[in-house]
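**Student:** Please work out how this folds:
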Amino acid sequence: MVRFEDGEAILEGLQEIAKKEEIRAAVLFVLGGIKKGRFVVGPQRDDEMPPKPLWREIDESNEVVATGTIFWQGEEPKVHMHCAFGKRDAVKMGCLRADTETFLVLEVVIMEIKGINAVRELDPASGLALLKL
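**Tutor:** Down below sits the predicted model:
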């Protein structure tokens with residue numbers, strides 16, 4: 001279990017925990033608040049390879065619920081997290097990728113996966129670090 005406090009970086013914090021605890025593979029369950037972040041809502045054009053990400057931003061407090069994974073790419077843990085963000089009647093969803101900041105509190109359940117050999121490797125066709133089992 002991890003509790004992020006107001007203003008703490010989410011993605012960077014999860015990467016630090018994975019390094020410190022030597023977590024090579026895990027699933028994440030997230031709920032709480034976010035006040036800053038950049039996320040991708042899909043490719044700019046369908047079927048374009050490599051895909052060019054279509055970016056959106058969180059720039060005020062939002063509720064967030066998410067699920068994700070941690071797998072390593074080379075010497076670094078990589079967090080892949082898809083989130084639903086909500087404020088008032090507006091709901092957004094996407095892949096959280098950068099500039100993250102907690103609002104008030106964010107709770108993360110990290111469930112480590114043992115006994116598998118899974119890593120992220122750069123896929124030349126897509127330009128993305130995809131899961132390899």
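**Student:** List the neighbouring strands of the longest strand seen in the chain plus their orientation.
**Tutor:** Using DSSP state E to define each element, the chain has its longest strand at strand 90-112. Strand 90-112 sits in its sheet next to strand 2-5 (antiparallel), strand 25-43 (antiparallel), strand 76-87 (antiparallel), going by DSSP bridges.
**Student:** And the contacts of whatever helix or strand comes next after the first one?
**Tutor:** This points to strand 2-5. Sequence-wise, the next helix or strand downstream of strand 2-5 (DSSP states H and E) is helix 10-21. Applying CB atoms under 8 Å, 6 or more residues apart in numbering, the external contacts of helix 10-21 come out as 2, 4, 23, 26, 28, 34, 37, 70, 72, 76-79, 81, 96-98, 100-102, 106, 108, 110. Heads up, the C-betas are built off the backbone N, CA and C, glycines and all.
**Student:** So which bits of helix 10-21 are buried?
**Tutor:** Neighbour-count burial for helix 10-21, counted by 16 or more other CB atoms under 10 Å, picks out 10-11, 13-15, 17-18.
**Student:** do the same with stretch 97-106
**Tutor:** Going by neighbour count (16+ other CB under 10 Å), the buried part of stretch 97-106 is 97, 99-103, 106.
**Student:** any idea which helix or strand carries the nearest residue in space to Ala26 that is not next to it in sequence?
**Tutor:** Spatial nearest neighbour of Ala26, chain neighbours left out: Ile70 (4.3 Å); criterion: CB to CB, 6 or more residues apart in numbering. Assigned by DSSP H and E, Ile70 belongs to strand 62-73.
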